[in-house]
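Student: What follows is a predicted protein model with its sequence.
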Amino acid sequence: MVKKLFFVINSLEGGGAERTLSVVANSLSQKQNIDVSIICLNKASPAYEINPKIKIISLINGRNGENILNRIKYV
């Protein structure tokens, strides 16, 4: 049975939390039976390498781009 694991973060721009998330997500994505996804509250290009097996979901296209209600549809 495949387990799904979701991480939620503001964006994937450079920073300590973003780096830690990328390391942990990449490590877990290599394990069998774990499907890893990252949910970003804002769209940004990842500053660190992310395994192509990891699905990245951006809730809005930019900090000022769309209405905050678009984020709620994933809750």
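Tutor: That came through fine. Numbering: from 1, shown residues only.

Student: Tell me where this protein has strands.
Tutor: All strands of the chain, identified by DSSP state E, fall at 3-9, 34-40, 55-58.

Student: any chance of those strands in JSON lines, with distance to residue 24, mean neighbour count and mean pLDDT too?
Tutor: Heads up, the C-betas are built off the backbone N, CA and C, glycines and all. Below are the strands of the chain laid out as JSON lines (distance: least, C-beta to C-beta, whole Å; neighbours: other C-beta atoms under 10 Å; pLDDT from 0 to 100):
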{"stretch": "strand 3-9", "distance to residue 24": "8", "mean neighbour count": "13", "mean pLDDT": "95"}
{"stretch": "strand 34-40", "distance to residue 24": "9", "mean neighbour count": "17", "mean pLDDT": "94"}
{"stretch": "strand 55-58", "distance to residue 24": "15", "mean neighbour count": "14", "mean pLDDT": "91"}
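
Student: Save those as JSON lines, and put in distance to residue 28 too.
Tutor: Listed next are the strands of the chain as JSON lines, based on distance: least, C-beta to C-beta, whole Å:
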{"stretch": "strand 3-9", "distance to residue 28": "6"}
{"stretch": "strand 34-40", "distance to residue 28": "5"}
{"stretch": "strand 55-58", "distance to residue 28": "13"}
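
Student: What's opposite residue 57 in the beta bridge?
Tutor: Judged by DSSP bridges, the bridge partners of residue 57 are residue 39.

Student: Now that it has come up, it's in contact with residue 41, right?
Tutor: No - contact between residue 57 and residue 41 fails when scored by C-beta atoms under 8 Å: they sit 10.1 Å apart.

Student: ok now do residue 49, which residues does it touch?
Tutor: Contact partners of residue 49, counting by C-beta atoms under 8 Å, 6 or more residues apart in numbering, are 22, 26.
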